[in-house]
Each structure stands twice: as C-alpha cells, then as structure tokens.
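> What shape does this take:
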Amino acid sequence: MNEPTNLDPALGLLDRVWAELGIEPHPAGGAAPPPHVVPLPSRLATGDLASASVRAVCLASGIGVSPDPDRIAAAYRSDRALTIDGLSPDVWSPYSGFFRASDGWIRTHGNYPHHAMRLQAGLGLTADADADDVRTAILPLSVTEAVERITLARGLAVPVLQENPERDARLRATPLLQVERIDLAPRPGRYGTDGRHRLAPLTGVRVLDLTRVIAGPVCTRTLALLGADVLRVDPPDLVEPEWQHLDTGHGKRTTLLEARTDRFEELLAAADVIVLGYRPESLDRLGLSASALLERHPALVVAQLSAWGIDEPSRAGFDSLVQAESGISMIESPDGDRPGVLPAQALDHSTGYLLAAAVVSLLERRRREGRGWVVRTSLRRVAAELLGMTRCSQPEAGQELDLTAHTSVFDVAGQTVTTAASVLPGLEFAAPHRWGSDQPRW
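Residues are numbered from 1 along each chain as shown. Down below sits the predicted model:
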C-alpha cells in the first residue's frame, strides 16, 4: 500500500481533471486530505487513482464531504461484496485468465458466451472444453500464434507485455478526459439541471445508457444516484449476465430495444445525455457516433468510453486485457514470472467515475454556454495515467477490509441482493431492476 503522507497524492490528478473540464481551480485545493489512503494495496498507486476519481464526482456535484476511503475500496471490489439470495456468483468464466504459451503469457476473456465460443473455435476446442483444455491448447503455441488464432476467430486475447514508458508518456500528453464543444445549433436545447437541489443535482436530466460490463454502468449508476432518469438500452439478442447487471444497475430502468428503430430515435430526441460504451466501429455502423448523434440532436451531451481509445475503433477489450497488454500485470507480478493483477478492476471503476464527473460538469457548462458537448476517455488512457503515478516497490499487506460494513441490501423481483454501497456521501442507491424488465419510454 502507498505510505501515508501529509500530502494528498490525488490532488495532482484532480487538478488536471478539473482543468480539462474547463473548471479551475477545483475547490479541493485547501481541503484536508482523506484520513488515510484507500486500502487497495498494489505496487501501482491504485488507491490514489480511486480516490481522485471518486472525489472528482463529489466536487463536480457539489458534495463537500470527503468520501470514506474504505467505502471507495469496497465499491471498487464490488464483485466480492455481491450476493444473490445469500450466494456469491461465480464472476469469472474458465475461459478468462492468464495462460502460459511456449514463450510467454497471454490473457484471455470469455465471460460472455459468444466470446467463449469464439475462443473455442480459435483453439479448435469443443463446446465442453474446460480451463485445462484451454491451457493444454495454448502451451505449445507461441504468444503471437495463440493470440492470432483466437483473435482471427473474433475471440479476445492479448499478449502479456512489459510496460512501454515512451508510449505511456505519449498517452499522458493527451487529455485524460477529451472534451469538445460542438457548435451545430444556435438553440439551447433542454436543460434538465434547472431547479436542481443539493443532493440530487441531476434531477430532471434524462440519460440513455448504451453501456455494459463495469465502466459505463458505473458511470450511469452514479448519474442515477445524483438524480438522473437513466434508461439502459440493450439489444435483445445480447444477454447480460444477471450478477453483472445487479452489481451496477442501481437506480436505472432497463429495456431491450434495437438502436435502428423509430422508438429509439424518439427516446434519443428527448434525452439530455447519452453514454456510449461499445466499440467505436460498432457505433459508427449503427449511426451512433458522436458526430452522427450531434448532427441529429445538437444539444446532446455525449459521453464515450472504450477499451483502447478511438485510435483502435475495431478492437474490443476489457479491464483485465488492458492491464495485461499495458504492462500493469507484470508490474504486479508476485514473482517476476507469473503475471499479477490490480486489487480491483480499477481501470473500469475509475473510468466510470471520471466520466460521470465529466457529464455533471458538462451539463453545467451546457446550461451556461449552450451547444452540444462530447467527452471521451478509454481504459487504456486511464492505465497510462496509473502507470505515470508514484509507485512503491512492495505493497504492504495491511488488514483485510471488512466488505460487509459497506453494503446495501435490496429486494429485486423477490431476490435478496446485497451489493457494495454508494461511495457518494449522503446518497444511497435505489434498487436495481431486473435486466430488460422496463418499457422503452421516459
């Protein structure tokens, strides 16, 4: 764990986020630092990244109370706090993990059934193959061969690489939150923030949520917590694992609807914000790129996240894959040979909170300045940020955090669901709805 200090390591990152959002200086400059570091022990500054990301949302929302560092750590490890009717779900597929090749390591991701099927096809495995079968199939192959076979079948695999400081420095020279004002319309559009109040600054704001997994849903869950009317829209043929939605679905309505429909366009026309989490190439194909959306609806705030950034528009990815390819996994190696992981899906969670802070700030700028706005970031850009922060040679073990002290319990369609509690002081989550159970309307 990073050693406690009288200084606040998160302030430097907060300074930059605030400047990129066009609101400086941020109001935390003279505030007391948190009572202790966020307990996410790692060689990299995972706790500092988490602290800055959550505090950015608090500052943008006018929440003057510092978030509890332990509560932040619990939220970042929310998959470990989650139970459904008292049982902890199995959150990792046997097709997701590190596998040794003949000359190194690869990382795969097969949590979704279609990704698992593609990995099986790439490795020539049958549908009943288990993790040992995957291990046996990959071991004789080189890293390059294994990754190529899986990716040619449209499965997900990356090489486990050492960090590339030059590339990360180039990424850090670009904005962490890339903000663009779009001057396409002289009219102001809807402003849902009118009449807002302190604990629900987004009352009246309508948010279309086109995201899945963790980063995007954390962003939109946070917007719902702040009072927004969030409607998550999923294609009917791409089923979301139940546990994954319950972990991040708080306070949102959720519906199944194809994007190429008149009904979707009607929802979009009445929205203030749309949050996009699919591959840029897929969004372009559906007519949902930021430019296409603002051409039709010039007063929108468009928030877009991806795994690898808009420079790799066709590439899918997840937090674990970005950790592996960016060098994070080898930095966190337990022995210098086997790859390791961060103590949480910290790239996902941090991306979600930072994007939520940007949406809140841009809604306020839209209220003052008008026009439409776009903000973009990616897991890979957040990884570069983490890789540039102060690190330690060996994390302290510390005392294991009691997650049960930071949970909320809900009834969801007759199921008792326990999840990590809200990190925003003074605000409590509303219950998730069953995935896909709502009508496509505001």
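> Can you tell me the number of residues neighbouring residue 50?
Residues near residue 50, counting by other Cβ atoms under 10 Å, number 29. Glycine gets a C-beta too; all of them are placed from N, C-alpha and C.
> Residue numbering should commence at 30 henceforth.
Sure thing, new numbering starts at 30, so read that last one as residue 79.
> Let me see the ranges of the strands in the stretch 80-229 of the chain.
Listed in chain order, the strands of the stretch 80-229 of the chain (DSSP state E, counting those that start in this stretch) span 112-113, 126-130, 133-138, 185-188, 207-211.
> can you give me how far the fourth one is from the chain middle?
On the basis of Cα atoms, centre = their mean, to the nearest Å, strand 185-188 sits 19 Å off its chain's mean C-alpha point.
> Parallel or antiparallel, which strands does that strand pair with?
Strand 185-188 has the following sheet partners, assigned by DSSP bridges: strand 133-138 (antiparallel).
> What residues sit buried inside the strand it pairs with?
Buried positions in strand 133-138, judged by neighbour count with 16 or more other Cβ atoms under 10 Å: 134-138.
> Can I get those in a markdown table including pLDDT?
Listed next are the buried residues of strand 133-138 as a markdown table, based on pLDDT from 0 to 100:
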| residue | pLDDT |
| --- | --- |
| 134 | 98 |
| 135 | 98 |
| 136 | 98 |
| 137 | 98 |
| 138 | 97 |
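> Please convert these to a markdown table, extending it with distance to residue 201.
Supplementary listing: the buried residues of strand 133-138 in a markdown table, determined by distance: Cβ to Cβ, whole Å:
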| residue | distance to residue 201 |
| --- | --- |
| 134 | 26 |
| 135 | 26 |
| 136 | 23 |
| 137 | 28 |
| 138 | 26 |
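> hang on, the earlier thing: any chance of the strands of the stretch 80-229 of the chain in CSV, plus distance to residue 144?
Listed next are those as CSV, based on distance: least, Cβ to Cβ, whole Å:
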stretch, distance to residue 144
strand 112-113, 23
strand 126-130, 13
strand 133-138, 6
strand 185-188, 5
strand 207-211, 28
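> thinking again about what came up before, which one of the buried residues of strand 133-138 is nearest residue 363?
Residue 363 has its nearest neighbour among these in residue 134, at 13.1 Å by Cβ to Cβ.
> right, and the closest one touches residue 170 too?
No: with contacts counted by Cβ atoms under 8 Å, residue 134 stays clear of residue 170, the gap being 11.8 Å.
> Where does pLDDT dip in the stretch 180-329 of the chain?
Applying pLDDT under 70 to the stretch 180-329 of the chain picks out residues 214-228.
> hmm, try it at 80
Within the stretch 180-329 of the chain, the ranges that satisfy pLDDT under 80 run 213-228.
> Could you pull out the helices in it for me?
194-201, 244-254, 271-277, 291-298, 309-314, 319-325 (DSSP state H, counting those that start in this stretch).
> Which one of those helices lies nearest to residue 378?
Of all the helices of the stretch 180-329 of the chain, it is helix 244-254 that lies closest to residue 378, at 5.6 Å by Cβ to Cβ.
> Point out the most buried one among the helices of the stretch 180-329 of the chain.
Ranked by mean neighbour count, the helices of the stretch 180-329 of the chain are led by helix 244-254 with a mean of 28 (mean count of other Cβ atoms under 10 Å).
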